[in-house]
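> Output the structure for:
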Amino acid sequence: MEGNVRRSLDAFLAARGPELIALRRDLHAHPEPGDAEYRTTRIVAEHLTARGLRPVVLPKGTGLLADIGVAGQKYPERTVVALRADLDALPMDDEKDVPYRSTVPGACHACGHDVHTVVLLGAGLFLAEQARAGLLPGPVRLIFQPAEEPSTGAQDVIAADGLASVGRIFAVHCDPRLDVGKLGIRSGAITAACDHIKVRVRGPGGHTARPHLTADVVYALGKIVTELPAALSRRVDPRSCLSLVWGRMSAGSAVNAIPDEGIAEGTVRCLDDEAWQAAPGLLDELVRSVAGAYGVTAELSYLRNVPPTVNEAASATMFATAAESVLGPDGVVHTQQSLGGEDFAWYLGSVPGALARLGTRTPGGADRDLHQPSFDVDERAIGVGVRVMVATALTALWHGAATPEPPPRGSMAEAAEGER
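Just a heads-up that it's a prediction; the model follows:
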C-alpha cells in the first residue's frame, strides 16, 4: 500500500479507533439473531449516512448495501470490489463477566460478527474519505449481510442484486486460535459444505419374539447408520473429505416391541463442489440399497445448507499481498481447512473472491473456539482488520477487479494447485 495512503490510514485509526471499539462493545451488548438485526442495521446505516454515503437496506429490513463511488453511477460489468461482513448473533447466552456482556437473554455474539461489522464499517468510512479526495481508483461496495448463521443471508443479498457489477469479493472471519496481528489465508477450499439429512425407516412392526414375521426397523436403521459412512468412503474420492456424522436417532418406546418407524438425522460436510453436488443422489441410492436388504422402506430428506467456500487463487494472492503490505511478511500465515460451513460460499459461486481468517487471540493467551458462550476477542484485531480490508480493496482495484472467467468450482486437486 502506498505511503501516503498508509499515513492517512494511520491517522484515521488514531482518530476513529476508540470509536470503533466502543461501537463493537455496543453491538456485543445488544446482539440480534438472523433476520432480526434491525438495530444493528439502523446503527450501521446512520454511521454511513453521516459520512455522506447512501446505504440501501435490503428488502426484508435487515442488512444493507453501500456503494463508495459516484452517486447514481452505473458501473461497467465486473469492476466493483465488494467487501462483506455479517451482522447476526447466535442463539445462546453470554457467559462472560465483562461490561459489554450481552443484555439480551439467549443471544450472544459468540462468532465475532460484531467485529466483522465494525471492521467493514471502519474500512468503508476510510475508503469513502479517499473517494471524496479523488484518491480511490475504483468503486467499492460494502455488504453488511444478515442471517449468516441460518445460511440464508447471502442468498438474500444476491437476490437484491448485491453482486451487480461486482468483479471480486472479500471477507474476513475471526479466528480465536490465531494471534492478533496475523491473517490466515489459503487458496482453494477453506470451509466445507454443510447439509442436513434425515432418514425415516418404516415397517409393519411386531413382537420382538418374532422378528422373522415382521421387518426389524431398529436393526435396519442401525445398519443404515453404520454402513452409510463406510460406503461413502469407497464411493467418493477421499480428497473431497465428504463426511457423514449422525447426531440423532429415535425408534420405538417399548423394549419388547419392534416399532413401525425409526428416524436418524445428521450432517453431511464436504470440501469439494463436485462431490457436494452428487451427494444427495448417492446417499439416496445407498439408503434404499441397505433398507431393501431388511424388508423396510426408507425415505431420505436432504436439506441443502451451504456449498464449500472455495477461495479463487488470484483473489487469495491479492488478499495475502495486501495483508503483507500492512502487517509485514510475518503477518500472513497459511490457514487450515475447516469442515465448518460459511454462507460466503454462495457469493463465490457467482464471482471470484476469498475469505481470510483474522487473528483475535492475545499472544500467549488461552485458546478459545467459536460458538462458545465465553467467546471474546483482543480488540486490537479491529484496527488490524480495517487495515487489511482497506489494503485488499485497493490492491484489487489497482489490479483490476474484472476477471475474464467465472470462479473455478472444480476438484480439490485443482483447487489446491495455488495453495500457499
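
> CA only for contacts and neighbour counts going forward, please
Noted.

> partners of the strand ranked longest in the chain, with directions?
Counting residues, the longest strand in the chain under DSSP state E turns out to be strand 166-179. Using DSSP bridges, the strands paired with strand 166-179 are strand 80-86 (parallel), strand 353-361 (parallel).

> Now tell me what touches the longest one from outside.
Strand 353-361 is touched from outside by 168-187, 190, 309-312, 315-316, 319, 335, 344, 348, 367-368, 377-381, 385, 407, with contacts defined as CA atoms under 8 Å, 6 or more residues apart in numbering.

> which of the residues you listed are buried?
By neighbour count, with 16 or more other CA atoms under 10 Å, the contacts of strand 353-361 hold 168-187, 190, 309-312, 315-316, 319, 335, 344, 348, 368, 377-381, 385, 407 as buried.

> returning to what we had before: partners of the following helix or strand past the longest strand of the chain, with directions?
The first helix or strand that comes after strand 166-179 along the chain, using DSSP states H and E, is strand 183-185. When pairing is defined by DSSP bridges, strand 183-185 lines up against strand 332-334 (parallel), strand 353-361 (antiparallel).

> so how far is strand 183-185 from its chain's centroid?
When distances are taken as CA atoms, centre = their mean, to the nearest Å, strand 183-185 is centred 15 Å away from the chain's centroid.

> go on, stretch 25-45?
That offset, for stretch 25-45, works out to 18 Å (CA atoms, centre = their mean).

> and that stretch, how far apart are its ends?
17 Å (CA to CA, to the nearest Å).

> residues of it that come out buried?
With the criterion 16+ other CA under 10 Å, stretch 25-45 contains buried residues 25-38, 40-42, 44-45.

> again with stretch 384-402
Buried residues in stretch 384-402, counting neighbours by 16+ other CA under 10 Å, are found at 384-397, 400-402.

> swap in stretch 224-243?
Those would be 224-225, 228-229, 232, 240-243, for stretch 224-243 by 16+ other CA under 10 Å.

> quick one: contacts of that stretch?
Residues outside stretch 224-243 that contact it (CA under 8 Å, 6+ apart) are 244-246, 264, 267-272, 275-276, 283, 286-287, 290-291, 411-413.

> Any of those buried? List them.
In terms of neighbour count (16+ other CA under 10 Å), the buried residues within the contacts of stretch 224-243 are 244-246, 264, 267-272, 275-276, 283, 286-287, 290-291, 411-412.

> Now, the residues you listed that are in strands?
244-246, 264, 267-270.

> how about those, which pair is most distant?
Using CA to CA, these span at most 19.6 Å, a distance reached by 264 and 270.

> OK, contacts around residue 101?
With contact set as CA under 8 Å, 6+ apart, residue 101 has these partners: 28-29, 94-95.

> tell me which of those residues is nearest to residue 64?
Nearest to residue 64, judged by CA to CA, of those is residue 28 at 19.0 Å.

> Pretty sure that closest one sits against residue 111.
No - using CA atoms under 8 Å, residue 28 is not in contact with residue 111; the gap is 10.7 Å.

> which of the residues in stretch 160-167 are buried?
162-167.

> now the lengthiest helix in the chain, how far from the centre of its chain.
In the chain, with assignment by DSSP state H, the single longest helix is helix 3-29. Distance of helix 3-29 from the chain centroid (CA atoms, centre = their mean) equals 24 Å.

> just checking, what packs against the helix or strand just after that helix?
The helix or strand immediately downstream of helix 3-29 is helix 38-50, counting by DSSP H and E. For helix 38-50, the packing partners by 3 or more CA pairs under 8 Å, 6 or more residues apart in numbering; DSSP states H and E come out as strand 64-68, helix 113-132.

> got CSV for those, with mean pLDDT, distance to residue 260 and mean neighbour count too?
Below are the helices and strands packed on helix 38-50 laid out as CSV (pLDDT from 0 to 100; distance: least, CA to CA, whole Å; neighbours: other CA atoms under 10 Å):
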stretch, mean pLDDT, distance to residue 260, mean neighbour count
strand 64-68, 97, 50, 22
helix 113-132, 97, 45, 23
